[in-house]
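Asker: Prediction below, plus the sequence it came from.
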Amino acid sequence: MKLISLLDAKSTNLKHYFTGKPCKRGHIAKRFVSSGNCCKCHLITSQKHKVSRRQAALISLGSVCSSCSFSNPLALQIDHVNGGGGKEYKQLGQHGIHKAVINTKLGTYQLLCANCNWIKRYENRECNQATDNPSSTVKDRQHFRQKLLTKFGNTCRICKIKDPRCLQLDHVSGGGSRQRKKSNWYSIYKSALSSTDGQFQLLCANCNWIKRHTNNELGS
Ligand SMILES: [Zn+2]
Ligand SMILES: [Zn+2]
Ligand SMILES: [Zn+2]
């Protein structure tokens, strides 16, 4: 990074300056012209706030799945008891939802683990049945999914749960969301069906979330 003194940054209307010297926590990072604070410290504090707001929301809803009592916070999701969560999420964002949960009377929101959330979606048909391949039908997709579940043993590899509504295809070494962006479900299903090299496995939604958080696969 190029060195820019506070004075130079100020005179050219930059937001940041960089001295190359560590902050009091030892980060060698840019600093804000406005406050002199280290950008890395700022990032860390704002991430902490995000986490603690989510924690506060989870605690106010009892910290366990209200349907099966699953308690690993990595797989717990905030659910709108009466539906409509997706729309609200778009309006408020994650931050707003956490705030709403903390400030709303009990009974509006509940915690569900990822598995119970899928089961609820299947039961209420909240699940978006549209496919990203226009030439294929929902039936096709279900047929392929059935074949996949059979091939991989109809069981979550980690916790051995067998409810097909919760089971998901997982890339053993991560990179699943990148592949989903690049190709459609059909080609992914096909490559999983013909794979022999242990590239894919079945995980339930809970184990999948926990794996993704633990391995930092989110957004990869
Ligand atoms: Zn710092
Ligand atoms: Zn549950
Ligand atoms: Zn599992």
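Answerer: Ah, there it is. Remember, predicted model here, so these are calculated numbers, not experimental data. Residues are numbered from 1 along each chain as shown. Ligands and ions are numbered 1, 2, ... in the order given.
Asker: Give me the neighbour count for residue 149.
Answerer: If you count neighbours by other C-beta atoms under 10 Å, residue 149 ends up with 16. Any C-beta I mention is one placed from the backbone N, CA and C, and that applies to glycine too.
Asker: I figured it hits residue 163, correct?
Answerer: No - assessed by C-beta atoms under 8 Å, residue 149 is found out of contact with residue 163, at 10.8 Å.
Asker: My reading is that residue 78 lies in a helix. Confirm?
Answerer: No - counting by DSSP: H, G, I helix; E, B strand; the rest coil, one finds residue 78 to be strand, located in no helix.
Asker: ok, how many other residues are close to it?
Answerer: 20.
Asker: what's across from it in the sheet?
Answerer: Here residue 78 sits in beta bridges with residue 111, going by DSSP bridges.
Asker: And it, what's its pLDDT?
Answerer: The score at residue 78 is 93. That number is its pLDDT.
Asker: For it, give me its contacts.
Answerer: Residues near residue 78 by C-beta atoms under 8 Å, 6 or more residues apart in numbering: 57, 58, 61, 85, 97, 98, 101, 109, 110, 111.
Asker: Dump those residues into a markdown table; add pLDDT, neighbour count and secondary structure as well.
Answerer: Output for the contacts of residue 78, formatted as a markdown table (pLDDT from 0 to 100; neighbours: other C-beta atoms under 10 Å; DSSP: H, G, I helix; E, B strand; the rest coil):
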| residue | pLDDT | neighbour count | secondary structure |
| --- | --- | --- | --- |
| 57 | 92 | 21 | helix |
| 58 | 93 | 19 | helix |
| 61 | 93 | 21 | coil |
| 85 | 75 | 17 | helix |
| 97 | 90 | 20 | helix |
| 98 | 90 | 21 | helix |
| 101 | 91 | 21 | helix |
| 109 | 93 | 23 | strand |
| 110 | 94 | 18 | strand |
| 111 | 96 | 25 | strand |
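Asker: now, among those residues, which is nearest to ligand 2?
Answerer: residue 111 (8.4 Å; C-beta to the ion).
Asker: which strands and helices sit next to whichever strand or helix holds residue 46?
Answerer: Element membership for residue 46, per DSSP states H and E: helix 39-60. Under the contact criterion of 3 or more C-beta pairs under 8 Å, 6 or more residues apart in numbering; DSSP states H and E, helix 39-60 touches strand 31-32, strand 76-80, helix 85-103.
Asker: Where do the domain boundaries of the chain fall?
Answerer: 1-37, 41-124, 138-214 (automatic domain parsing).
Asker: closest one to ligand 2 among those?
Answerer: domain 41-124 (3.2 Å).
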